[in-house]
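1. give the three-dimensional model of this entry:
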Amino acid sequence: MKTKLALRMDLDVSDLSTESGHVCEKCVVHWTHEMCEMVEELPNMEHSVKDDVKYSLVFIAGYVIRKDKEVVEDSCSYFEKFGTFTLSLSRGGLVQAGDSACQWTIFCYMMFQSVCEKVCRNSLSEIFMEISQYYGFKMDKHHCFALSNILFKQFVQHNKPSL
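-> Residues are numbered from 1 along each chain as shown. This next block holds a predicted model:
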């Protein structure tokens with residue numbers, strides 16, 4: 001419907017954006033000293049994530065990169081150690097995530113645990129992108145949005161009030 005209207009009005013569709021237009025008070029990331037320190041310490045904190053959570057995060061990493069052939073790597077030590085959950089669910093379409101995608105997902109999960117009440121999906125995606133750039137994980141914006149959606153959905157399901 002909008003496309004027909006745009007064509008009738010002779011609009012230049014190349015100027016149109018696919019952004020959601022979402023704006024809230026939590027959209028802007030206010031980086032604190034603690035957040036910056038946490039990003040630097042993520043590799044040292046990785047051992048604090050329980051193994052059963054890592055099984056799920058390795059599955060999530062494969063889901064997040066499932067459409068991107070260029071993210072798949074040769075190095076898969078995370079998958080070798082924590083991929084049994086993914087293999088048990090696989091019907092042939094799941095992706096074996098490489099170490100970069102797995103480690104990025106674990107780092108983002110740890111950061112999410114710290115900032116989840118202070119951010120929205122947009123600002124969380126920006127934080128995830130910063131983590132990717134800081135550690136050279138080569139994740140894209142759509143990976144960040146996908147992971148933020150998954151983590152927020154899980155957060156809401158575990159924190160919804162009982163009626």
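
2. can you check what pLDDT the model gives residue 13?
-> Here the pLDDT value assigned to residue 13 is 48.

3. and residue 130, what is it in contact with?
-> residue 39 (CB atoms under 8 Å, 6 or more residues apart in numbering). For glycine as for every other residue, the C-beta is placed from the backbone atoms N, C-alpha and C.

4. hey, where'd the helices end up in this structure?
-> 2-8, 33-45, 51-64, 77-82, 84-89, 99-115, 121-135, 141-159 (DSSP state H).

5. could I get those as a markdown table with distance to residue 27 and mean pLDDT?
-> Converted to a markdown table, those look like this (distance: least, CB to CB, whole Å; pLDDT from 0 to 100):
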| stretch | distance to residue 27 | mean pLDDT |
| --- | --- | --- |
| helix 2-8 | 24 | 51 |
| helix 33-45 | 16 | 94 |
| helix 51-64 | 22 | 92 |
| helix 77-82 | 32 | 85 |
| helix 84-89 | 33 | 74 |
| helix 99-115 | 13 | 95 |
| helix 121-135 | 5 | 94 |
| helix 141-159 | 12 | 86 |
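
6. pick the most deeply packed of these.
-> helix 99-115 (a mean of 22; mean count of other CB atoms under 10 Å).

7. so residue 114 touches residue 39, yeah?
-> No. Residue 114 lies out of contact with residue 39 (CB atoms under 8 Å); the separation is 10.1 Å.

8. re the thing from before, residue 25 is nearest to which of the helices of the chain?
-> Nearest to residue 25, of all these, is helix 121-135, at 10.1 Å by CB to CB.

9. need the contact list for the nearest residue to residue 96 once chain neighbours are set aside.
-> The shortest distance from residue 96 to any non-neighbouring residue, by CB to CB, 6 or more residues apart in numbering, is to residue 79 (5.2 Å). Shown in contact with residue 79 (CB under 8 Å, 6+ apart): 58, 62, 86, 96, 97, 98, 99, 102.

10. just flag the most distant two among the residues you listed.
-> 86 and 99, at 14.3 Å, using CB to CB across these.

11. now distance to residue 25 too, for the helices of the chain, in a markdown table please.
-> Formatted as a markdown table, these follow (distance: least, CB to CB, whole Å):
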| stretch | distance to residue 25 |
| --- | --- |
| helix 2-8 | 29 |
| helix 33-45 | 17 |
| helix 51-64 | 27 |
| helix 77-82 | 36 |
| helix 84-89 | 37 |
| helix 99-115 | 14 |
| helix 121-135 | 10 |
| helix 141-159 | 17 |
